[in-house]
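Visitor: coordinates for the following, if possible.
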Amino acid sequence: QVQLVESGGGLVQPGGSLKLSCAASGFTGSLDAMNWYRQAPGKEREWIAGISDFGGVTGHADSVKGRFTISRDSAKTTMYLDMNSLKSEDTAVYYCNAFWSRTDLNYWGQGTQVTVSS
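Guide: Down below sits the predicted model:
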């Protein structure tokens, strides 16, 4: 069974940086596209960044473009989100998502809290 485990969240001051990781296990071969989502209190979950199966194609939401960067390790088992110039509005629970064509299912991690506050 595919498992996704996020880490790296925490409390950071405005303007600071954090790097989130998403470790994937329980699959053979390679997962397909992977994504980061976030959900702030009282708001819908929103997509913020995605990366293709071999990392050649990435996309970022306008709200984070130029500040956040998604990447994936060469073994395709870990995905990252480098977050710079953090703002208070970036405060949310950040979720890792992956699609595996072998099962035709989407998988989610449990989320990691990011709080941007002085």
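
Visitor: quick check, residue 38 in a strand?
Guide: Yes - under DSSP: H, G, I helix; E, B strand; the rest coil, residue 38 falls within a strand.

Visitor: gap between it and residue 77?
Guide: Residue 38 sits 22 Å away from residue 77, going by Cβ to Cβ, to the nearest Å. From N, CA and C alone the C-beta is placed, and that goes for glycine too.

Visitor: out of those two, which sits in the busier spot?
Guide: Per other Cβ atoms under 10 Å, whichever of residue 38 and residue 77 has more neighbours is residue 38, with 24 against 14.

Visitor: show me the beta-bridge partners of the residue nearest to the more buried one when sequence neighbours are not counted.
Guide: In space, residue 38 comes closest to residue 92 once its chain neighbours are excluded; the distance is 3.9 Å by Cβ to Cβ, 6 or more residues apart in numbering. For residue 92, the beta-bridge partners are residue 114 (DSSP bridges).

Visitor: make 55 the starting number, not 1.
Guide: With 55 as the first residue, the last one maps to residue 146.

Visitor: state the pLDDT value of residue 146.
Guide: On pLDDT, residue 146 comes in at 98.

Visitor: low-confidence regions, this structure specifically.
Guide: By pLDDT under 70, the chain has no low-scoring segment.

Visitor: find the centremost residue of it, please.
Guide: Most central in the chain under Cα atoms, centre = their mean is residue 90, positioned 3.0 Å from the mean C-alpha point.

Visitor: from residue 65, how far off is residue 109?
Guide: Residue 109 is 30 Å from residue 65, by Cβ to Cβ.

Visitor: neighbour count: those two, which is higher?
Guide: residue 109 (15 against 12).

Visitor: excluding covalently adjacent residues, which one is nearest to the more buried one?
Guide: Using Cβ to Cβ, 6+ apart, the nearest residue to residue 109 is residue 126, at 4.4 Å.
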